[in-house]
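J.: sequence and computational prediction follow.
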Amino acid sequence: MSTAGTVHDFDVVIIGGGLHGCSAAYHLAQAKLKPVVLEKHVVARHASSASAGGVRRLGRDPAEIPLAVASIEMWHSMRDMLGDDGEFRATGQVRVAENAAELQKCEERAARVRALGYDHEVVIDRKELRRLVPQVAEHCVGGLHTARDGYAFPFKATTAFRLKAEELGAVVKEGTKVEAIERSGERWVVRTNHGQFRAPVLVNAAGAWGAEIARMVGDDPVEEPVALMMMVSGRMPHFLDPTVGCMGRKLSFKQMRAGTVVIGGGHVGTVDRETELTELDFRKLALSARTVSAVFPIMKDATLVRCWAGVEGFTPDDIPYIGPSKAAPNVFHSFGFCGHGFQLGPVVGSITAQLVTQGKTNLPIEPFRIDRFAGKDARVPAH
Ligand SMILES: Cc1cc2nc3c(=O)[nH]c(=O)nc-3n(C[C@H](O)[C@H](O)[C@H](O)COP(=O)(O)OP(=O)(O)OC[C@H]3O[C@@H](n4cnc5c(N)ncnc54)[C@H](O)[C@@H]3O)c2cc1C
């Protein structure tokens, strides 16, 4: 039966059923509003399940630090908040320095973070690095450590927000693609393949397609989809607790409780924005595998069992769009998280709910404004 002509009324229409859309739905429902999440595929179809799941304050852009610091507290109280912790494990994160110059960069970075009033990034020496990461290669000289960071299971964390939001009255519509948005009086009318959804407020959490949605309401941000690649090994004996990255190379590396090792770090494949299909670049994956073996000799004999790419929206300055539309009333954006929006998911949903219910937020979001590239020849750098 066709539902194309049906009209549904809500307090807020959220476009996108990834972590950010589901977190916004939870926080809005918690504030006693009735949101609907419109997702063209299924919840967590894109970045929010392809993600490496790193819960990382370490190495954040200064603009993101206040948000990441607020978000880590929410990760630590996730079970109380949602009844499910999304398998968050606070195993810490380490960024390895492979030589004296990189260790010097660690010192400079920690000093910069301290100057901003934060003390979560701590420089560690060779001995402490080996205590935290016993299997690290002999040549590594130290690094940076954030003790309360960790990782979670992306699909489970997203689902935990979705289920709690639904329990509180939010509605999630899967297989529902937003095709057009119009203004009618005081309300937004969102046209989809399954009828029209009306609400006074709109939240754009459409990930790598966020700019398309933004353009439907008159904003014109710069965003490009990028296919971030990941690999996972077969089960290995337990050898690693923290999530590990490198100061000088593209690497993100963690061992799950089952023993498998998940490897990422920013190598990219290709993506077709229209078909949403990705292609892996095996030469870059081979480079990634070589990096892993160089930093963790134990991985030389590991078997890789699966590779994939997930599509994420990137911006010219590598930070997301968060905040109100500049072109339209009662529209709020949160998209373009540039490969590091998983950790920010809990807090950005709460920021969006504050903006909707109070018209302001207590966290600094000015650097993320939607029109920051207006009139500039800004482009997303090649990855
Ligand atoms: C491989 C990979 C590894 C990553 N690793 C990390 C990490 O370790 N740590 C970290 O912090 N971050 C990481 N990230 C980034 C993080 O996963 C993302 O920033 C986050 O999941 C983005 O969530 P989102 O809700 O904005 O987007 P998405 O999860 O992509 O959700 C957007 C949703 O909008 C839907 N949508 C789009 N257009 C429409 C439309 N017209 N109508 C209806 N629905 C629509 C899409 O189908 C999609 O499901 C990684 C990302 C990738 C891809």
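T.: Now that the structure is in, tell me what you want to look at.
J.: contact distance from the ligand - what residues of the stretch 51-200 of the chain qualify?
T.: By C-beta under 6 Å from any ligand atom, the residues of the stretch 51-200 of the chain that approach the ligand are 51-54, 56, 177-178. Bear in mind the C-beta positions are built from the backbone N, C-alpha and C, glycine included.
J.: quick one: which of these sit in strands?
T.: 54, 178 (DSSP state E).
J.: drop anything exposed from the residues of the stretch 51-200 of the chain next to the ligand.
T.: Buried by 16 or more other C-beta atoms under 10 Å: 51-54, 56, 178, out of these.
J.: let me have the residues you listed in CSV, extended by distance to residue 205.
T.: Formatted as CSV, those follow (distance: C-beta to C-beta, whole Å):
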residue, distance to residue 205
51, 15
52, 20
53, 18
54, 20
56, 21
178, 11
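J.: where does pLDDT dip in the protein?
T.: By pLDDT under 70, the weakly predicted segments of the chain are 1-4.
J.: one more time with 50, if that's ok
T.: 1 (pLDDT under 50).
J.: quick one: the helices in the chain?
T.: Assigned by DSSP state H, the chain shows helices spanning 19-30, 47-50, 65-76, 78-82, 100-115, 126-132, 154-167, 210-216, 282-295, 345-358.
J.: so which of those is the most surrounded?
T.: helix 19-30 (a mean of 30; mean count of other C-beta atoms under 10 Å).
J.: and the angle from it to helix 345-358?
T.: 50 degrees (axes from the mean of the first three to the mean of the last three C-alpha atoms, to 10 degrees).
J.: quick check: angle from helix 19-30 to helix 154-167?
T.: Using the same axes, to 10 degrees: helix 19-30 against helix 154-167 is 20 degrees.
J.: distance between helix 19-30 and the chain's centre?
T.: Going by C-alpha atoms, centre = their mean, to the nearest Å, the spacing between the C-alpha centre of helix 19-30 and its chain's C-alpha centre is 14 Å.
J.: check which helices and strands it sits against.
T.: strand 12-15, strand 35-38, helix 47-50, helix 154-167, strand 201-204, strand 331-335, helix 345-358 (3 or more C-beta pairs under 8 Å, 6 or more residues apart in numbering; DSSP states H and E).
J.: any idea what residue 89 is bridged to?
T.: residue 151 (DSSP bridges).
J.: number of nearby residues for it?
T.: Using other C-beta atoms under 10 Å, the number of residues around residue 89 comes to 19.
J.: the ligand versus that one, what's the distance?
T.: Residue 89 sits 13 Å away from the ligand, going by C-beta to the nearest ligand atom, to the nearest Å.
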